[in-house]
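Trainee: no sequence for this one, just the structure:
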């Protein structure tokens, strides 16, 4: 029988306390694991989705909202901009590539994005099946859209008005799926792409509607508007000049994804930091709890330990026996905590409304190894004093006292 | 094979205890007698390598016990000395088999499963190997502690008041088992006691005043 087996037997002999301590450690590690996994995934998503986009131009309003709606497709646009003004910007010599976006409809919550072929170049999109959209009402759907909605090439569907799931369908025109994108690992997996003409067509008033005083919408359509422009600069020199030019000399606003993402992260960061400290506090409490349990248990088992010494166990062996008990509790807690973290994140992802920002539990980061290390460190810290106490046990006097 | 010479021990400010020289030959069986507080337990602890005396020598099988390093002393004790206590004190979380096997593990010896089962059988505990301490009577537990003390083929078996908490029948059984098993294991036996029921059972006496 080795000391590992003996430690395990000792812990299982005090099952309730052992389980409570494991749960306590697991909660702390679980929360930290969720934070690590979620913040890494959010960071990666933000980075991969805005990788080649230097600037977003859209209607005046919140720049963060403009970025969230046009790049991450998780918020409502700030409004529309005149297509004529957008066209002028697209031809500006400082612009290398400008991708127009026309938003407004969805299918089962997946956003329908009216754009042109520059969009495929910007994101490096590849087709898995069928072809890219070619004419009005052709639609190329993202891989996640195809998987979730079960749409296939050749299928037809009706878009619904608005950017979140609604029943207000445009029944007069149906989209036809012409292609399915290969998985890209970014926001395009959750988009339905079509040309801008299709979006205009969806919003052309029928004769009845024309008569029904929809003046605002009619005006918007007649003037031809788009939602935003995704811009790549020709040279880094444009970083300062171009946004200022847009913001000062046009009725539009320019927002930098890098700056807005950083701002978003700093906002989220406050919450993440609070949770992080909360989890660290739980882990500190768990260390204290493991310490108290081992301390009390050593007091109860003082005679057992003296008997073990009497049977030939060295001081070092008894020391490691106690250390191992602490380590086993916290290591098990850390592993259980990681499992809880991954399962919880999978559940969070499952219930998330926005497919674009969906988190997954099937994701691993190197920081999780630090959590295992932290669990072991807690075990060592919690067990060291009881272990030293048992190391110093005077066998003869302990045995004499029990007579 | 066991000898103590010029042995003196002192607990802190208490008066020092002097122990008469003592020679114990192979397989001899001795009673260690003395009134309460005479130093019986202290001497047993010194003989078991658990308590370093203030001065003097303890030799077992030609080894000067207190010239060994602490780690070697622990190993020597585990391999050469079997100890039976007044109370059996088994580890509650281990079954009977493991409680005996642990003595071999701690002594750095391989676990001899056949010997453990043979000892249990001899001590009338056949079929109890998988039981836990809570499932056995006090008499049975004391027999397990004897098996634990004998499992490593010790040179000397030391028993400290092994019968004082037992009724007449169990006391008789335990002292019989100790003398028989020590003889069959070719171990010397030292029983410290002030239990009159044991007085006439061992051939030689060492008296502490």
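Mentor: Yep, that arrived. What you see is a predicted model; the values in this text were computed from it and never measured. Numbers count the residues shown, from 1 in each chain, chains lettered A, B, ... in the order given.
Trainee: Which SSE is immediately downstream of the worst-scoring helix or strand of chain B on mean pLDDT?
Mentor: Lowest mean confidence among the helices and strands of chain B (mean pLDDT, DSSP states H and E): helix B:168-184, at a mean of 87. Remark: after helix B:168-184, the chain's next helix or strand is strand B:188-193, criterion DSSP states H and E.
Trainee: Run me through the strand neighbours of that next one, direction for each.
Mentor: Partners of strand B:188-193 in the sheet, by DSSP bridges, are strand B:29-34 (parallel), strand B:156-160 (parallel).
Trainee: Which helix or strand contains the closest residue to chain B within the stretch 201-350 of chain A?
Mentor: Residue nearest to chain B within the stretch 201-350 of chain A: residue A:312 (1.8 Å; CB to the nearest CB). Where you see a C-beta, it was placed from the backbone N, CA and C, and this is true even at glycine. In this assignment (DSSP H and E), residue A:312 forms part of neither any helix nor any strand.
Trainee: so who does it touch?
Mentor: With contacts defined as CB atoms under 8 Å, 6 or more residues apart in numbering or on different chains, residue A:312 is in contact with B:74, B:75, B:77, B:78, B:79, B:103, B:106, B:107, B:108.
Trainee: Can you check those residues and name whichever has the most neighbours?
Mentor: When neighbours are taken as other CB atoms under 10 Å in any protein chain shown, the top entry among the contacts of residue A:312 is residue B:103 (29 neighbours).
Trainee: for it, what are its contacts?
Mentor: For residue B:103, the contact set (CB under 8 Å, 6+ apart) comprises A:311, A:312, B:78, B:148, B:149, B:151, B:152.
Trainee: in a helix, that's where it is, yeah?
Mentor: Yes: counting by DSSP: H, G, I helix; E, B strand; the rest coil, residue B:103 is part of a helix.
Trainee: where's it relative to residue A:108, distance?
Mentor: 70 Å (CB to CB, to the nearest Å).
Trainee: Please apply the same query to residue B:155.
Mentor: For residue B:155 relative to residue A:108 (CB to CB), the value is 84 Å.
Trainee: neighbour-wise, which of these two wins?
Mentor: Higher neighbour count among residue B:155 and residue A:108: residue B:155, with 21 against 13, using other CB under 10 Å.
Trainee: Can you check the pLDDT for the more buried one?
Mentor: Residue B:155 carries a pLDDT value of 92.
Trainee: What backbone torsions are found at it?
Mentor: Residue B:155 adopts backbone torsions of phi -80, psi -30, taken as degrees, to the nearest 10.
Trainee: Which of the strands paired with strand B:188-193 sits closest to residue A:68?
Mentor: Nearest of the strands paired with strand B:188-193 to residue A:68, taken as CB to CB: strand B:156-160 at 79.0 Å.
Trainee: Quick one: distance of that closest one to the chain centre.
Mentor: On the basis of CA atoms, centre = their mean, to the nearest Å, strand B:156-160 sits 2 Å off its chain's mean C-alpha point.
Trainee: again, but for stretch A:61-74
Mentor: Chain-centre distance of stretch A:61-74: 17 Å, with CA atoms, centre = their mean.
Trainee: how near is residue A:388 to residue A:107?
Mentor: To residue A:107, residue A:388 is 66 Å away according to CB to CB.
Trainee: For the two, indicate the residue with more neighbours.
Mentor: With neighbours defined as other CB under 10 Å, residue A:388 and residue A:107 compare such that residue A:107 has more, 20 against 12.
Trainee: which residues does the more buried one bridge with?
Mentor: With DSSP bridges as the rule, residue A:107 is bridged to residue A:110.
Trainee: can I assume it is in contact with residue A:149?
Mentor: Yes: under the criterion of CB atoms under 8 Å, residue A:107 makes contact with residue A:149 at 7.0 Å.
Trainee: tell me, what's touching the two both at once?
Mentor: Contacts common to residue A:107 and residue A:149, judged by CB under 8 Å, 6+ apart, are residue A:157.
Trainee: OK, contacts around residue 124?
Mentor: Since no chain was named, I'll use chain A. Residue A:124 sits next to residue A:184 when contact means CB under 8 Å, 6+ apart.
Trainee: switch to chain B, that's the one I care about
Mentor: Neighbour list for residue B:124: residue B:143 [criterion: CB under 8 Å, 6+ apart].
Trainee: where's it relative to residue B:150, distance?
Mentor: Going from residue B:124 to residue B:150 by CB to CB gives 14 Å.
Trainee: Can you tell me the SS state at the residue of the stretch 51-200 of chain A found nearest chain B?
Mentor: Scanning the stretch 51-200 of chain A for the residue nearest chain B gives residue A:185, at 50.9 Å (criterion: CB to the nearest CB). Classification of residue A:185 by three-state DSSP places it in coil.
Trainee: confidence score at it?
Mentor: Confidence score, pLDDT, at residue A:185: 82.
Trainee: Which SSE is immediately downstream of the host helix or strand of residue A:373?
Mentor: Element membership of residue A:373, judged by DSSP H and E, is helix A:367-391. Counting by DSSP H and E, the next helix or strand C-terminal to helix A:367-391 is helix A:395-401.
Trainee: what sits against residue A:5?
Mentor: Neighbouring residues of residue A:5 by CB under 8 Å, 6+ apart: there are none.
Trainee: Secondary structure element holding it?
Mentor: Judged by DSSP H and E, residue A:5 forms part of helix A:3-13.
Trainee: Buried residues in that helix, which are they?
Mentor: For helix A:3-13, a neighbour-count test (16 or more other CB atoms under 10 Å in any protein chain shown) marks A:3, A:6, A:7, A:8, A:9, A:10, A:11, A:13 as buried.
Trainee: what do you get for stretch A:92-103?
Mentor: Neighbour counts over stretch A:92-103 (16+ other CB under 10 Å) mark A:94, A:95, A:97, A:98, A:99, A:100, A:101, A:102, A:103 as buried.
Trainee: dump the residue contacts of the nearest residue to the first one once chain neighbours are set aside.
Mentor: Just to be clear, that refers to residue A:94. Closest residue to residue A:94 apart from its sequence neighbours, by CB to CB, 6 or more residues apart in numbering or on different chains: residue A:238 at 4.1 Å. By CB under 8 Å, 6+ apart, residue A:238 lies in contact with A:54, A:94, A:95.
Trainee: residues near residue A:150, how many?
Mentor: Neighbours of residue A:150 using other CB under 10 Å come to 8.
Trainee: Now do the same contact list for it.
Mentor: Residue A:150 makes no contacts at all, as judged by CB under 8 Å, 6+ apart.
Trainee: Columns pLDDT and distance to residue A:203 on top of the buried residues of helix A:3-13, output as JSON lines?
Mentor: As requested, these are exported to JSON lines (pLDDT from 0 to 100; distance: CB to CB, whole Å):
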{"residue": "A:3", "pLDDT": "86", "distance to residue A:203": "75"}
{"residue": "A:6", "pLDDT": "89", "distance to residue A:203": "75"}
{"residue": "A:7", "pLDDT": "90", "distance to residue A:203": "71"}
{"residue": "A:8", "pLDDT": "92", "distance to residue A:203": "69"}
{"residue": "A:9", "pLDDT": "89", "distance to residue A:203": "73"}
{"residue": "A:10", "pLDDT": "87", "distance to residue A:203": "73"}
{"residue": "A:11", "pLDDT": "90", "distance to residue A:203": "67"}
{"residue": "A:13", "pLDDT": "84", "distance to residue A:203": "72"}
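Trainee: for chain A, what are the nearby residues on chain B?
Mentor: Within chain B, the positions near chain A by CB under 8 Å from any CB of the partner chain are B:41-42, B:45, B:48, B:50-51, B:70-71, B:74-75, B:77-79, B:83, B:85-87, B:89, B:91-94, B:98, B:101-103, B:105-108, B:111, B:148, B:160-161.
Trainee: From those residues, keep the buried residues only.
Mentor: The neighbour count (16+ other CB under 10 Å) marks B:41-42, B:45, B:48, B:50-51, B:74-75, B:77-79, B:83, B:85-87, B:89, B:91-94, B:98, B:101-103, B:105-107, B:111, B:148, B:160-161 as buried among the residues of chain B next to chain A.
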